[in-house]
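*Asks:* Pasting the sequence and the predicted model now:
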Amino acid sequence: MSLQSDDIQRIASLARLSLTPEKSERMLAQINDFFDLVEQMRAVDTQGLEPLAHPVAAMQDIALRLREDVASEPNNREANQRSAPAVEHGLFLVPRVIE
Amino acid sequence: MSDLHDLSLAEMARQLRDRRLGAVETAKHFLQRAAGHLAGADSTGTGAYLALDPEVTLAQAHAAQARLDGGQAGVLEGVPVAHKDIFVTRDFPTTAGSRMLEGYRSPFDATVVTRLAQAGMVTLGKLNCDEFAMGSANENSAFGVSRNPWDLQRVPGGSSGGSAAAVAAALTPAATGTDTGGSIRQPASFCGITGIKPTYGRASRYGMIAYASSLDQAGPMARSAEDCALLLSAMCGPDLDRDSTSLDVPAEDFSLRLNDSLQGLRIGLPEQFWGQGLADDVRAAIDQALAELKRLGAVVVPVQLPRTELSIPVYYILAPAEASSNLSRFDGVKFGHRAADPVDLLDMYRRTRSEGFGEEVQRRIMIGTYVLSHGYYDAYYLQAQKIRRMIANDFQQAFTQCDVIVGPVAPTVAWALGEKSADPLSSYLADIYTLPASLAGLPGMSVPCGLGAHGMPVGMQLIGNYLQESRLLNVAHQLQQHTDWHQRRPAPASKEIA
Amino acid sequence: MSARLVQGYEVVIGFETHAQLSTQSKIFSRAPTAFGAEPNTQACAVDLALPGTLPVMNRGAVERAIQFGLAVGSHVAERSVFARKNYFYPDLPKGYQISQFEIPVVQGGTVQFYLGDELKTVRLVRAHLEEDAGKSLHEDFVGMSGIDLNRAGTPLLEIVTEPDIRSSEEAVAYAKELHKIVTWIGICDGNMQEGSFRCDANVSVRKPGQPLGTRREIKNLNSFKFMQQAIDYEVRWQIEQIEDGHAIQQATVLFDPDTGETRAMRTKEDAADYRYFPDPDLPPLVIAREWVEDVRAQMRELPRVMAARFMDQYGLPAYDATTLTQSQAMAAYFEATTRACQQPKLASNWIMGEVSRRLNSGELSIEQLPVSAEQLGALITRISDSTLSNNAGKQVFDALWNGEAPAGQAALAQVDALIEAKGLKQMNDSSALEAIVDEVLAANADNVAQYKAGKDKAFNALVGQVMKASKGKANPQQVNAALKARLG
């Protein structure tokens, strides 16, 4: 499984990263090395096995806990927005969103 | 007070309760020691700390003293602790070692931080780490490397490198760390201290900046199993209101079984852990420790963990996949870094994230995004999750024949700064012994077992079955009662480490 | 039943509806969900995706999903999984939406409704739980948008149909029926202006017998009024494109009510690759069968079941039963009226007729009706026992509507008082009637002669004369019978 430059571009775009051509090339080489390592994994026969998404599931049956429907969080806007890059009238400002 | 930092946590807590020691003087003692150890380009110390704020610390110390005076002391009242900068804190900035969060102030504390504060601990500051916990050498921090106190030209390990260095250099008596693929165990091993990653779900992840959600766990790092047991007891316990992956098992006193006899303890040695990748000096140090355990009554049995090597690709598929999603919230909209003068939204996203994230983080986001992307999910992500189950099953099989699994933590002692930084893949490969327990969610511990090459510490890994932390701490404690490897200190390499 | 074709094309429509669930708190956090608060005052740390925050599931959202599943006769999954849908947008704080992908909580089900006389069945593929995003505001900012995350994390039930719908009328009827179901069972307030019930229509056309055409999605159809218009425009546009030789490109479109047109939104690159994977922060949702049965036992009678009961219990035709069960309130009003007068068909006629007419023209809801069920029941009682003619009944209804009923009396007494006050009592006394008939026949000899000569219109004139002579109080059926008897 070998990635090409345009794969790197597509993935970077999906991840909202912008890579310089030099960085892109380096990334390509490193990721391809990494995927050589991964190939051995793909060959393993995993027929009939359930994926282990939650390690606890290997320990016991797990189920999502449900909480009571109570609105107990107070308005904490000031503290929550303390580290915001741009706020006006309580709204987070961003460059224009075009629909 | 030159031997204040040689006190065990239990002893320190006792002296504080007996008023032989004051909380403020204790805090000041460690603050002074920490002073030369802030990370930075021109740092000559260990670079263990990212944030110190004596005013805040001393205010906490005064409050602790008031409780000590008033007879309302918590179990660890007045005892200092420092937190890996992955845990959010209201009173100190939190960066996760990243430019993305430079200057960020959380409006809430991590549950683990709150629990230790409730036990009475006083926060000295925030500790350096690899950016977003991604790394094995603490060379990926945006604010400067952390250095191994045993040899400042060597790495302390990662990602909890600052935590390990701080404890080893006695800049704090206790530290919190996080372990996703070995990030408590490996730096503990490299710096000659004790650290434990509990069973997945034991400690709340609320307030722990997420790297890989199904792998991340908080744990203590200190100078002994006894100290770790005290800390672990305070840190762990269900957090049902805030963390859906928190285990609903009662909080435990992990110190209760420290003194159990090891007679008849079955120690499993996985054949795959003793392959040719393991350096001779590391092998020799662990053999010494095993010999001691046998003297204490343990018996050794060979076991198999056939998919040990596969744990590397499996981990490096799953962890980056989860990370790529967890790190999407860093977009410059609500908090953290935002690129200057964005021309439009897309530009804001791209430049913010490219400026805010370091290279290793970007690399893992790329890998993670790729393995989740259309057409690759089944072959990579799903396949990795299935092998993960095989690995968990392998451990269960092994535990039918033994009580505790023992092995190395890392193939070598700490390497030199810069040695592996150009080749990220080589440091992935060095995680081989710690990754399997992470994938299975099992508790794992690193215990000092002497020195190896270049006079650098070696750690022995103990892996237990689910919820068996007490057993691990027991084995480690018995070893520490009969040996003194855990008490060794690095020789003062500079005047800052007195 | 073949659908009507448009210019020879078959219209194929599937619906996706997002219904906001009426919980107090958000689906994954404890912030409140009330509409209209100041920006970001109902967005807690979890909703803002602050570092270190984690989701915790709201039982109330799950319960409402179960209620919906039961209401549409679907399978409520014993085990369903939450997945992350990854994409970047400023109103999506985590950079992913927690939703359900491979295994949703509700599977299958149907929604049935009448389109004219025809009973339609639209099959549901699924309904799943997910979180709502925040809002972007553009008006007050130059070159910038303001993001309000109050809505982020509000629980949604996304309800997806098979592409079973074959016309825009059917689409609106489906949407209205679905709206009725979710408001009836109380899981959603149905307030479309506030965004509680949002519909997207996937529309394609094809020549009959051909495979499905490429569909375009019309997003945010938030009023029934514009829904049909939007779909009709889109259908005509697609047909025109095809006839002109252009292939339809898959796209998301918005309807502009000012121009009456749909236009494609700016396409977001890579929009389709959401990289779904099970959310590692949330173990699978397990719903025990006991819980489902508990919910079932506590559920209100559903509209379809109630309609069937109305047909059975009251002997009403299907049309009446369906119309009367359009809302809980109307059904309750009908049953209370019927209890008061024991005349279900008359009650139905009055409610579907006069009452509905007045509610619509005054834009009132049935809860705002000034005539109580007991009063209407009393009125119907007096009509059915011949005290009042239908016409006179309307006058009494007017009086009741205008609040003229004397206070402090039982309904029947109030109605009687009004009848008395307005002198509306129908004459039922046959001997008095005979006397009037005699007078009228005597005074209208030529009409009598014309009728006997075969002109039926003359009969009506005589009826009119008798009614006039009785000042409208004669019972029309009795008048007819009396005249017929005298004239042969």
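*Replies:* Right, received. Where do you want to start?

*Asks:* what residues are up against the nearest residue to residue C:437 once chain neighbours are set aside?
*Replies:* The shortest distance from residue C:437 to any non-neighbouring residue, by Cβ to Cβ, 6 or more residues apart in numbering or on different chains, is to residue C:482 (5.1 Å). No exception for glycine: its C-beta is placed from N, CA and C like everyone else's. Residues in contact with residue C:482 (Cβ atoms under 8 Å, 6 or more residues apart in numbering or on different chains) are C:430, C:433, C:434, C:437, C:466.

*Asks:* What of residue C:469?
*Replies:* Residue C:469 touches C:436, C:439, C:440, counting by Cβ under 8 Å, 6+ apart.

*Asks:* One more pass at 10 Å, please.
*Replies:* By Cβ atoms under 10 Å, 6 or more residues apart in numbering or on different chains, the contact list for residue C:469 reads C:433, C:435, C:436, C:437, C:439, C:440, C:443.

*Asks:* got it, and residue C:350?
*Replies:* Residue C:350 sits next to C:334, C:337, C:341, C:343, C:356, C:371, C:376-377, C:379-380, C:383, C:393-394, C:397 when contact means Cβ under 10 Å, 6+ apart.

*Asks:* want to throw the contacts of residue C:469 into JSON lines with secondary structure, neighbour count and pLDDT?
*Replies:* Output for these, formatted as JSON lines (DSSP: H, G, I helix; E, B strand; the rest coil; neighbours: other Cβ atoms under 10 Å in any protein chain shown; pLDDT from 0 to 100):
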{"residue": "C:433", "secondary structure": "helix", "neighbour count": "22", "pLDDT": "83"}
{"residue": "C:435", "secondary structure": "helix", "neighbour count": "12", "pLDDT": "85"}
{"residue": "C:436", "secondary structure": "helix", "neighbour count": "19", "pLDDT": "85"}
{"residue": "C:437", "secondary structure": "helix", "neighbour count": "24", "pLDDT": "85"}
{"residue": "C:439", "secondary structure": "helix", "neighbour count": "13", "pLDDT": "85"}
{"residue": "C:440", "secondary structure": "helix", "neighbour count": "24", "pLDDT": "86"}
{"residue": "C:443", "secondary structure": "helix", "neighbour count": "11", "pLDDT": "86"}
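
*Asks:* Stretch B:171-179: which residues count as buried?
*Replies:* Using 16 or more other Cβ atoms under 10 Å in any protein chain shown as the test for burial, stretch B:171-179 gives B:171, B:172, B:173, B:174, B:175, B:176, B:177, B:178, B:179.

*Asks:* can I get those in TSV with secondary structure?
*Replies:* Putting those into TSV (DSSP: H, G, I helix; E, B strand; the rest coil) gives the following:
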residue	secondary structure
B:171	coil
B:172	coil
B:173	coil
B:174	coil
B:175	strand
B:176	strand
B:177	strand
B:178	strand
B:179	strand
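
*Asks:* Which one of these is nearest to residue C:20?
*Replies:* Nearest to residue C:20 among the buried residues of stretch B:171-179: residue B:178, at 37.0 Å, using Cβ to Cβ.

*Asks:* so the closest one sits right up against residue B:207, yeah?
*Replies:* No. Contact criterion Cβ atoms under 10 Å: residue B:178 and residue B:207 do not qualify, at 11.2 Å.

*Asks:* Quick check: neighbours shared by these two?
*Replies:* B:86, B:87, B:112, B:218.

*Asks:* which ones are touching the spatially closest residue to the second one that is not a sequence neighbour?
*Replies:* Nearest-residue entry for residue B:87: residue B:110, 4.1 Å, with adjacent residues in sequence omitted and distances by Cβ to Cβ, 6+ apart. With contacts defined as Cβ under 10 Å, 6+ apart, the neighbours of residue B:110 are B:83, B:86-90, B:94, B:116, B:176, B:203-209, B:218, C:51-52.

*Asks:* Selecting buried members of the residues you listed in ChimeraX, what would you type?
*Replies:* The buried subset of the contacts of residue B:110, as determined by 16+ other Cβ under 10 Å, is captured in ChimeraX by this line:
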select /B:83,86,87,88,89,94,116,176,203,204,205,206,207,208,209,218 /C:51,52
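
*Asks:* now the closest residue to chain B within chain A: how far from chain C?
*Replies:* In chain A, the residue that lies nearest chain B is residue A:55 (2.7 Å; Cβ to the nearest Cβ). Counting by Cβ to the nearest Cβ, to the nearest Å, the gap from residue A:55 to chain C is 10 Å.

*Asks:* mind pulling up the phi and psi values for that residue?
*Replies:* Main-chain dihedrals, residue A:55, degrees, to the nearest 10: phi -60, psi -30.
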